[in-house]
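J.: Sharing a model that was predicted from the sequence below.
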Amino acid sequence: ECEVTLKSSDTHPDGYPTVEAVKHMGALAKERSGGRICIEVFHSAQLGEEKDTIEQTKFGVIDLNRVSMGPFNNLVEQTKIVSLPYIFRNVNHMHKVMDGAIGDEILAAFAPHGFVGLAYYDGGSRSFYNSQKPIKSMEDLKGMKVRVMQSDIFVDMMTAMGASATPMPYGEVYSAIQTGVIEGAENNWPSYESSGHFEVAKYYTLDEHLIVPEVLVMSQVSWDRLSPEDQEIVKTAAKDSVPVMRKLWKEREKASEEKIRAAGAEIITEIDKTPFIEAMIPVYEKYVTSPEMRDLVKRIQATR
Amino acid sequence: MEMTILFGLFSVLLLIGTPVAFCLGAASLATIIYMGLSPIVVFQRVNSGMNVFSLIAVPLFIYAGDLMVRGGIAQRIVAFAGSLVGHVRGGLGQVNIATSTLFGGISGSAVAEAAAVGGLMIPQMKERGYGADYAVNVTSMAALIALLIPPSHNMILYSISAGGNISIADLFTAGIIPGLLLAVSLMVTAWIVAVKRGYPTEPFPGFGIALRLGLIALPGLLLIAIIFGGVRSGVFTATESSCIAAVYALLVTIFVYRQMTWANFVEATFGAVRTTAMVLLIIGMASAFSWLMAYDKVPARLIELMSGISENPLVILLLLNVILLLLGTFMDMGPTIIIVTPIFLPVAQAFGIDPVHFGVIMILNLGIGLNTPPVGGVQFVACAVGKISIWEAMRSIWPFYGAGVFVLLLVTYIPELSLWLPAQFK
Amino acid sequence: MVKQFVEQLAGVTGRLSRLALWIAGISLVVMTLLVLWQVFTRYVLHEPSHLTEPFAVVLMSWFIFLGAAVGTHEGFHMSFDVLTHALPARLRWVPEVISDLVVGLFGLGMVWWGVQLVLAGMDSTMPLVGLPDGVTYIPVVAGGALFALFSLERLCRRSVGLPASAHVADPHNPVPEVTEA
Ligand code: NA
Ligand code: NA
């Protein structure tokens, strides 16, 4: 039977690629430990929102946690850099960077704060959608009220693009777009689909302004309780769950895209990203402050 | 063992009269210490459970209600409702229900409604020869209409507990038809009982006076249009409408009715602070409690158990309703919604029940629980205002329970009653 | 002698409770205005404010904990006291004292673990506001201290035969008379 049961938190619902990936990781760990190590996944924010579960992970109450970079932005400086708009040219570029030495360096940066960084998952590419018109240039975005998450970088990015960043609870976005409280929001294919926002905001501009990886961390407290060989099992199981996650993510993205296209949404792909990227210069100036971080940005951009 | 400590300690403390909020908090704290986990989590959950932006609608709708009562809006609605339905047999009972329906359109709290409408109506009814039990039961059951007709902060609680992904605007719209059905069903019941008991009627004052009273009540009633129109036309969100309600009530009572003195304003504010602090502390503590249940996988085990009993959604709905009625008997509405939604909603959805529909069922079901002792907030208030014991009220409440359960069954088995109206806005 | 001390304590806690009620009331009013400002900046100015939401939520925390502490002082918390009333009068103090102890000890727990939450949250910042995350837990500490103090007062008052609550406030206070139709 299970000697070690690791509790893992995720805010996404059951069946979501990240949730399934951690389940797969659990199966691997169980198999490789001869049934000693088990992982219990708590999906749908059963144990709290990300900010809360991060604290719980720190205290060792939750062992594993799949979280976005956002809540770590003010804690681990490097996570801010990979959350910058247009830092990655595309998903492949992001995978290359995070799978390489830079990715390991950022995982290591979690250690002083009580977390063991295990692996990166995909958060998809975030793009704009709105209820008014096809956005093809920055001019089209001007003055548009766009919902963003409560994050400094997101708000500054939207403002730099000329839109009015509007913070709002996720659950109110659908009716807010429907009634015209706001004109749009931004997200990846799966969320655009599952939230039903494509029904009320049918213009989706694939500008991919944010390609932010997500991270699977383990509590340092829980980590220290494991024997070195069990630590190895957990770590490699986490790494081995990444390809599974990517495969599931691709399938999910494709299914969402098909559903959205079938519903008659207008997808705008021909867009010149250059002016958007240029508009981000002040945002980079604000968030990339130390020489180390400037160097990190350069190394990310230089990765081919 | 963990759950035995959690529920056992909670029940013992509840029975010895410890405030409900602290029954939840202390039971959670003891359990987490027993489990050897960091007790910090309990206090984090208590705080995070209240730090939710959508929750601000709860104090603000309660505040709006307090301002309406202190500033004379509620009184004018009673006068207007009286001119409309007072001439029916047992007229003041009908007035009570009509007032609750109108007032329910601008307030979301059944407790506030029982206090406001009961405070105005019960003394009058007793004076005119109605039984105190009848007056109290009509008041406490009619107060439930406020839960269903928007605005309703309990629906906001439901949406939050469901993870914040259920549209509050849809929930608000879904409650309208069930709310009106409840009003009609209660009016019929009140009429039958009134005929049996030979209660009086009020003279019809004539259309002129009814119109005049309507005009006097209009500034207050306009809030219905402002809230609904404002949310539907995109000026503000459903959560923000609570603020508009409070500010509008204040403006009307100051500038139109000129009844809002500084002392009244301070009392209304303090009253709202007292009520909301009490309610929201319970909500915070309940979120620690439900965190422990989730940590121990109670919801997952329950789904397994339920699917072992039946695969038929109709049976599952009946089962969920019975469990909710039982829970509502012993628990207050807000904490029950917060604790039970994350457990029951996945069950309901697993059997293909729409989350908006399930929300309406849950609100009405737990609403009936507000009128069942031993824990029945609305009934307590109505009994206190009517100066009778709960047992006296219980002796003659059964026809009114019947009316409530009848509507509950209709709402449960005819999803269109809840879902048709929201669909019209898509 | 003991009674004198209790009366002095009651004088202090009475003023403290009143102060807490005023701060809570002002927080409620300011929160209302903040949300109004949010609607105004978005709908009229077309420049939505980013700070109203986090500040409104922090204010709400404050008035819940302060208002709830007033609830312990005034004794208006919702409870289920059927069993207590079924006990013979001379034994009724037993469950009541246990309840006060539970509230008081939980209050001390709020102070102790609340301080740790504040400290643990000092190295990260709240988005958009820029203050340390730990600040959001200060109301837990303040509320806990008041719960403990007011419960102590209740225990002291009982020990000298005074009613446990300073004055019994009815949260659903009576409705004012109708002044005109
Ligand atoms: Na209502
Ligand atoms: Na009840």
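T.: Looks like it arrived, so ask away. Numbers count the residues shown, from 1 in each chain, chains lettered A, B, ... in the order given. Ligands and ions are numbered 1, 2, ... in the order given.
J.: Determine the number of other residues adjacent to the nearest residue to C:L87 once chain neighbours are set aside.
T.: Nearest non-adjacent residue to C:L87, counting by C-beta to C-beta, 6 or more residues apart in numbering or on different chains: C:P95, 7.2 Å away. Every C-beta, even on glycine, is put in place using the N, C-alpha and C of the backbone. The number of residues packed near C:P95 is 19, by other C-beta atoms under 10 Å in any protein chain shown.
J.: neighbours around B:I309, how many?
T.: When neighbours are counted by other C-beta under 10 Å, B:I309 comes out with 10.
J.: residues contacting it?
T.: Residues near B:I309 by C-beta atoms under 8 Å, 6 or more residues apart in numbering or on different chains: B:V315, B:I316, B:L319.
J.: do the same with C:E53
T.: With C-beta under 8 Å, 6+ apart, C:E53 has these contacts: A:Q150, A:P167, B:F53, C:Q38.
J.: Just among those residues, which is most surrounded?
T.: For these, neighbours tallied by other C-beta under 10 Å; top is C:Q38, 27 neighbours.
J.: burial measure for the residue nearest to that residue when sequence neighbours are not counted, as a count.
T.: Computed as C-beta to C-beta, 6+ apart, the closest residue to C:Q38 that is not its neighbour in sequence is C:T52, at 4.0 Å. Neighbour count for C:T52, taken as other C-beta under 10 Å: 22.
J.: And the nearest residue to A:M69 once chain neighbours are set aside, which helix or strand is it part of?
T.: Using C-beta to C-beta, 6+ apart and skipping residues adjacent in sequence, the residue nearest A:M69 is A:T79, 4.3 Å away. Assigned by DSSP states H and E, A:T79 belongs to helix A:77-82.
J.: hmm, who's touching the helix or strand just after that helix?
T.: Where DSSP H and E defines the elements, the next helix or strand beyond helix A:77-82 is helix A:91-99. Contact with helix A:91-99 is made by A:82, A:88, A:103, A:106, A:120, A:122, A:125, A:211, A:213, A:246, A:300, A:303-304, as judged by C-beta under 8 Å, 6+ apart.
J.: Output the lowest mean pLDDT helix or strand found in chain C.
T.: helix C:82-86 (a mean of 74; mean pLDDT, DSSP states H and E).
J.: pLDDT of the first helix or strand past that helix going along the chain, averaged?
T.: For helix C:82-86, the succeeding helix or strand toward the C-terminus, using DSSP H and E, is helix C:93-120. The pLDDT scores in helix C:93-120 average 95.
J.: Now do whichever helix or strand comes after helix C:93-120 against helix C:93-120, angle only.
T.: Helices and strands here follow DSSP H and E; after helix C:93-120, the next one along the chain is helix C:138-159. Inter-element angle recorded for helix C:138-159 and helix C:93-120: 160 degrees (by axes from the mean of the first three to the mean of the last three C-alpha atoms, to 10 degrees).
J.: near chain A at all, helix C:138-159?
T.: No. Helix C:138-159 lies out of reach of chain A by C-beta under 8 Å from any C-beta of the partner chain, never closer than 13.2 Å.
J.: Can you spell out which helices and strands pack onto that helix?
T.: When contacts are defined as 3 or more C-beta pairs under 8 Å, 6 or more residues apart in numbering or on different chains; DSSP states H and E, helix C:138-159 packs onto helix B:40-50, helix C:2-43, helix C:52-74, helix C:93-120.
J.: Comparing those helices, which comes out most buried?
T.: Neighbour counts (mean count of other C-beta atoms under 10 Å in any protein chain shown) averaged over each of the helices and strands packed on helix C:138-159 peak at helix B:40-50, with a mean of 26.
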